[in-house]
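Enquirer: Here is the input, now give the coordinates:
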Amino acid sequence: MPWPSSAAALVEEQERLARATPPLWNPFPGALPGGCFVCFPRGPTGPGRAGDPAWAAAAAGDAVAVVTGAAGAPYEAGLLALREGALLEEAIRALPTRPDVLLVNATGRDHPRRAGLALHLGAVLGLPTVGVTHRPLLAVASEPEDEAGARTPLLLQAHVVGYLLRTKRGCRPLAVDAAWRTDSDTAVEVVLACTRGARTPEPLRRARQAARLARQRQ
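Expert: The predicted structure is shown next:
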């Protein structure tokens, strides 16, 4: 499935993906979670321009893959797939072992058309995905209790699209939302299963670390 090359084409594809009803994925013992992350140059470069150098990384188990490239488009909320989608796909396909479920540093159902990059990437790869971000994009939620595992619903136009999840006591919660072939409860289950006493789930933390290290070496 090629990535759209224009905003209009992306919006059309997002609307199509939002209507899709693929079978939901069910977590199973031993399922291998993966994570992916892309970073751009440090410094006051503004919101992001097409052609910005980019470092994308994916992690699953002990394996990490890093690719370098360029942003496919300027940053624009709701259209992140134009900027990062192809780079993240390349990084994930470079892994020696395909993960069973993928944590993406982007939103899924918490999106103007209910099909953010986390969902779109899962559809392209044929992988169940979960969106994990530092804050919601459009959805709203009350603050969860200060206990690991505490959560409150992320509501978008009265629909639950995920949860605001406290992964570690004393730390800000994460916005965890359903994406490709996952619902909100499964998304939380996956995140909690691979959070090892830290705020960020392990596969996503390792991918972020690898991408930033690659940027540092340039």
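Enquirer: what about the protein, any weak spots by pLDDT?
Expert: Applying pLDDT under 70 to the chain flags the ranges 44-45.
Enquirer: Show the residue spans covered by the strands in it.
Expert: Taking DSSP state E as the criterion, the chain contains strands spanning 33-39, 53-60, 63-70, 101-104, 129-133, 151-156, 159-165, 174-178.
Enquirer: Kindly reformat those strands as CSV containing mean neighbour count and distance to Pro23.
Expert: Where C-beta positions appear, they are placed from N, C-alpha and C, glycine not excepted. As requested, the strands of the chain are exported to CSV (neighbours: other CB atoms under 10 Å; distance: least, CB to CB, whole Å):
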stretch, mean neighbour count, distance to Pro23
strand 33-39, 27, 19
strand 53-60, 25, 22
strand 63-70, 18, 27
strand 101-104, 30, 14
strand 129-133, 29, 14
strand 151-156, 20, 23
strand 159-165, 23, 19
strand 174-178, 28, 14
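Enquirer: Adding distance to Gly85, write those out as CSV.
Expert: As requested, the strands of the chain are exported to CSV (distance: least, CB to CB, whole Å):
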stretch, distance to Gly85
strand 33-39, 10
strand 53-60, 10
strand 63-70, 11
strand 101-104, 10
strand 129-133, 12
strand 151-156, 22
strand 159-165, 20
strand 174-178, 17
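Enquirer: Just want the phi and psi numbers for Gly108.
Expert: Backbone torsions of Gly108, given as degrees, to the nearest 10, read phi -110, psi -90.
Enquirer: Quick check: bridge partners of the closest residue to Arg151 other than its chain neighbours?
Expert: Of all residues not flanking Arg151 in the chain, Tyr163 sits nearest, at 4.1 Å (CB to CB, 6 or more residues apart in numbering). Residues in a beta bridge with Tyr163, per DSSP bridges, are Pro153, Val176.
Enquirer: contacting residues for Ser142?
Expert: Counting by CB atoms under 8 Å, 6 or more residues apart in numbering, Ser142 makes contact with Thr152, Leu164.
Enquirer: next one: Leu119
Expert: By CB under 8 Å, 6+ apart, Leu119 lies in contact with Leu17, Ala18, Gly108, Arg109, His111, Thr129, Gly131, Ala179, Trp180.
Enquirer: May I see the buried residues of the helix ranked longest in the chain?
Expert: Longest helix of the chain, by residue count under DSSP state H: helix 202-217. Neighbour counts over helix 202-217 (16 or more other CB atoms under 10 Å) mark Glu202, Pro203, Leu204, Arg205, Arg206, Ala207, Arg208, Ala210, Ala211, Ala214, Arg215 as buried.
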